Structures are given as C-alpha cells and as structure tokens.
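A.B. asks: Have a look at this prediction, sequence included:
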Amino acid sequence: MPEYLWHGYLRLALAKFMIILGIETSCDETAAAIIEGRGDKVKVLSNIVSSQIEIHKKYGGVVPEVAAREHVVNILPVINQALEKADLTPALSLPRRGGFIDTIAVTVGPGLITSLLVGVETAKTLAYVWRIPVVAVNHIEGHVYANFIDNKPKFPALILTVSGGHTMLILMSGHGKYKVLGQTRDDAAGEAFDKAAMLLGLGYPGGPAIAAEAAKLRITNYELRINKLPRPMMNSNNFDFSFSGLKTALLYATQRDKNWKKKISEYAYEFEQAVAEVLVHKTLKAALKYNCKNIMLSGGVAANKELRSRMGNVVKEKSTGAKLIIPDFKYCTDNAAMIAAAGYFQAKRKKLTPWRKLKAEANQELK
Ligand code: KG4
Ligand code: ZN
C-alpha cells in the first residue's frame, strides 16, 4: 500500500476523527461538502450545491453535454467555497488547504458519464496534489447515507430510495451491506413526477411543481371531480414498482377530459396520492417482513411532503416497532455531504483507493 494511504488511517487512529471532502457531479448539481466523522457520528462543516436547474429548465430535462460544461466551470469555485465555509484554513490557497483533509469521497457512478468524469478527475488531481487517498462512492449509497447525518440508524434498516433515476427498496444489514429487495421496472418515481408535470404543463423539475399544485387543492378543499388513477403493482407479490403506466393513465384521463386544464390541481393531487400510496404500502410491507429497526427515505422524491407525512402516519399507526428517519430536505436532493458521509464509513472500513485506480462508471450497481 502506498505510504500516503496511511495518512487517513493515522488521523483516525491518533485523533479518532476524519475530515472528508465530498464531491458530487453525477447529474446536474455541482456539489462539494466538508464533514467531520467521529465514531458513528457525522457532522457537516459545509455543504455547497450549485444547481443547474435554471439552465436545463428550458429544455425540459437535463442535457448531458451542457451539464458537463457547467460542472467544469463550477467545480473549483464550489470546492473552494466548501473549504472556506468549513473554516479550515481561510488564509491559504486551494492546494494548501488540503493539508487538513484526510480523504476525498467522490461519486463514481451511476450517473451521466460526462458529468461524473468532472468530479472524478478533480478528485484525482486534488488527491495527487494533497497526497491523500480517495474513496469511490456509489451515488445510491450516498443517498442512503444522507440518513446517517445527525442520526444513528440501527440495522437491519430498510431504505426507500426515490430519485430522478432510481426507485429502490434496499435492505441494509450493516455498513456497506445491501440487498436490493425491489426496484422500478420502468420509470423512476422522480422521472414519473417529471413526465406527469410535463403533461400537465407544469414545467421542470416536476416533483416540486406537482407538489405545489396538489397543495393548492388541499388548501381550497375541493371535492375531486376526476376519476381515480391506478395504484400500479400495489398488491403484487414482490417489492418491485412500475410508474410508466400511471403516467399513461394520466395522459389518457386528460385526453378524455375536455376541461382538464381547469382541473390541473386535481390531476396533480391524484397523481401525487397514487405515487405516495404505492411507495408507502410496499415500504411498510418490506419493513414488516424483514423486522427492520429503522425505515429511512432518501433521494429527491423524499423531499415530497405528502410522502413524508404519509410514511410517518403509517409507521405510527401500524406500530411496526421501526423508527422512521427522514433526512433534512437539503440532504434529500443531490448533495456532497451525503457522499462524504458514505465515504467516511467506507474509509473507516479501510476501503480507500489510490487516485490512479479511480474510475467513473456510468452504470455502476449498488454492491
Ligand atoms: O436525487 P435527485 O436530486 O437526483 C437524482 O439522483 O435523480 O432527485 C431529483 C428528482 C426529480 O425527478 C425531482 O422531480 C424529484 O426528485 N423531486 C421531487 C420533489 N423534489 C424533487 N419529487 C416529488 N416531490 C418533491 N417535493
Ligand atoms: Zn441523486
């Protein structure tokens, strides 16, 4: 093992804590964060996210080439801000500040390859300059570890990961020990929200837009004037999901309804209810089957208030014995604090990589 790999271990052994720089560029957020890991605790010292939403909005989705170019422009300023905000060594220049960092945790996949490469190459360069090891983090694992920021989950734990690219039920039996119980067979939950919002003319990103429209209905307290949408695969004999049919059902319902434009809040409400109901039902079923001590949410769709409150109510009502953990809103959507947190628990298990061996993998699976 190269000598510099011992740097991180040494800090852990002597001072019993690690300072980690997290880098995340898998999609359209350029993010950097500094965390301090101590025992089983993760403390966020800084968390900077530069979002490209405004740039991609006009295209109705993320354009990979544009995203990668933006990452190139933003990555160093974002890392610099994260270092400054963490107040490690404000007077020093970027290369020297690395003296305080034990390890860099970077997202290596899954994601858009051109976006991932920006983060990975930056991490390699800084690791070379600072002579420290790197931790390769899977993006989904990062979302899972958003739950370990300011919390100490117990195992076995069940994690519902719902983002723009993934919908997964993951059983976690220990740090780094995952079993994927089920996943979507077609569209991810976030993707379904984005497509439904597009159908209803609500713009991008769809999740927050649908949620805002649905909330209007709750405020005005109308009776629904539309038919219910299906709850796909709700009672299937497995833990898989499917959301593409739900989106098509919404399309047909609006095509059949001449006055649909006057009922957008109702369609948004019913769509949100359908997605939340299926997600909550299956999560609970899995938690009971595997006797989970914690149920956790993660990913951009976990920012959905209806999903959060429904999950909270059901866990309480059914007295599962499981405690529900939901990350703070800012750790649900893509961020680098969650990547650094996942990196910390890997570094503790000595899963470090020399910079030369680090590779981006667009289709990396959770192992
Ligand atoms: O985790 P994330 O930031 O990026 C991916 O890894 O995909 O998730 C983005 C997704 C988008 O599809 C967005 O529409 C959805 O999360 N989202 C929401 C909400 N906020 C973001 N979906 C439903 N309700 C929300 N409040
Ligand atoms: Zn994500």
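C.D. replies: Arrived safely. Ligands and ions are numbered 1, 2, ... in the order given.

A.B. asks: remind me which residues of this protein are low pLDDT?
C.D. replies: 1-15, 89-99, 221-222 (pLDDT under 70).

A.B. asks: Next, count neighbours for the closest residue in space to Lys154 that isn't next to it in sequence.
C.D. replies: Nearest residue to Lys154 in three dimensions, chain neighbours excluded: Lys293, at 4.0 Å (Cβ to Cβ, 6 or more residues apart in numbering). In this view, the C-beta of every residue, glycine as well, is placed from N, C-alpha and C. Residues lying near Lys293 (other Cβ atoms under 10 Å) number 16.

A.B. asks: Equivalent analysis for Gly245, please.
C.D. replies: Other residues close to Gly245 by other Cβ under 10 Å number 16.

A.B. asks: Secondary structure element holding it?
C.D. replies: Secondary structure assignment for Gly245, by DSSP states H and E: helix 244-256.

A.B. asks: immediately after that helix, which helix or strand?
C.D. replies: Next along from helix 244-256, by DSSP H and E: helix 264-289.

A.B. asks: gap between that next one and the chain center?
C.D. replies: Remark: helix 264-289 is offset 19 Å from the chain centroid, using Cα atoms, centre = their mean, to the nearest Å.

A.B. asks: Buried ones in it, by neighbour count?
C.D. replies: 264-284, 286-287 (16 or more other Cβ atoms under 10 Å).

A.B. asks: separation between the residue in the stretch 151-300 of the chain positioned nearest to ligand 2 and Lys323?
C.D. replies: The stretch 151-300 of the chain approaches ligand 2 most closely through Ser163 (4.2 Å), counting by Cβ to the ion. Counting by Cβ to Cβ, to the nearest Å, the separation of Ser163 from Lys323 is 23 Å.

A.B. asks: tell me which parts of the stretch 251-367 of the chain are close to ligand 2?
C.D. replies: Proximity of the stretch 251-367 of the chain to ligand 2 (Cβ under 5 Å from the ion) is limited to residues Asp334.

A.B. asks: Which single residue of the stretch 251-367 of the chain ends up nearest ligand 2?
C.D. replies: Asp334 (4.4 Å).

A.B. asks: Leaving out the residues flanking it, which one is nearest to that residue?
C.D. replies: Counting by Cβ to Cβ, 6+ apart, Asp334 lies nearest to Glu29, which is 4.3 Å off, once chain neighbours are set aside.
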